[in-house]
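Q: no sequence on this one, just coordinates:
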């Protein structure tokens, strides 16, 4: 496909996406900071949670990095960043859920 024929993403739409990615990334980082300061001592059971949160945040950060490049106006690049961000949100959400479950089990026992 000729680069001139490639479908482009509307710049305002891409800018809105960058805003959403940045806000959700900051929420994810804030959750990790709060979770690290949790008074319940860390255990081996917290490792999967930490891995999920870390992987999710890395994916979200990489998606933001891709979206900040000029070529992210190309549809294929934008779609790749979007998929990367979605995977990051799913992993981070699974990590948050895991942290809640592990902390709840730690409080009950």
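A: All right, it came through fine. Predicted, not measured: the structure shown is a model, and the values here were computed from it.
Q: Okay, now the unreliable bits of this structure?
A: For the chain, the stretches with pLDDT under 70 are 1-4.
Q: Check whether residue 52 really touches residue 94, as I assumed.
A: Yes - between residue 52 and residue 94 a contact is recorded at 5.1 Å, counting by Cβ atoms under 8 Å. For the C-beta atoms, the positions are set from N, CA and C on the backbone; glycine is no exception.
Q: Where does the residue nearest to residue 46 when sequence neighbours are not counted sit, in terms of helix or strand?
A: Leaving aside its sequence neighbours, residue 46 sits nearest to residue 102 (Cβ to Cβ, 6 or more residues apart in numbering; 6.0 Å). Using DSSP states H and E, residue 102 sits in helix 75-108.
Q: Which positions in that helix come out as buried?
A: 77-78, 81-82, 84-85, 87-89, 91-92, 94-96, 98-99, 102-103 (16 or more other Cβ atoms under 10 Å).
Q: elements contacting that helix?
A: helix 11-36, helix 47-67 (3 or more Cβ pairs under 8 Å, 6 or more residues apart in numbering; DSSP states H and E).
Q: now the angle between helix 11-36 and that helix, please.
A: Relative orientation of helix 75-108 and helix 11-36, computed by axes from the mean of the first three to the mean of the last three Cα atoms, to 10 degrees: 20 degrees.
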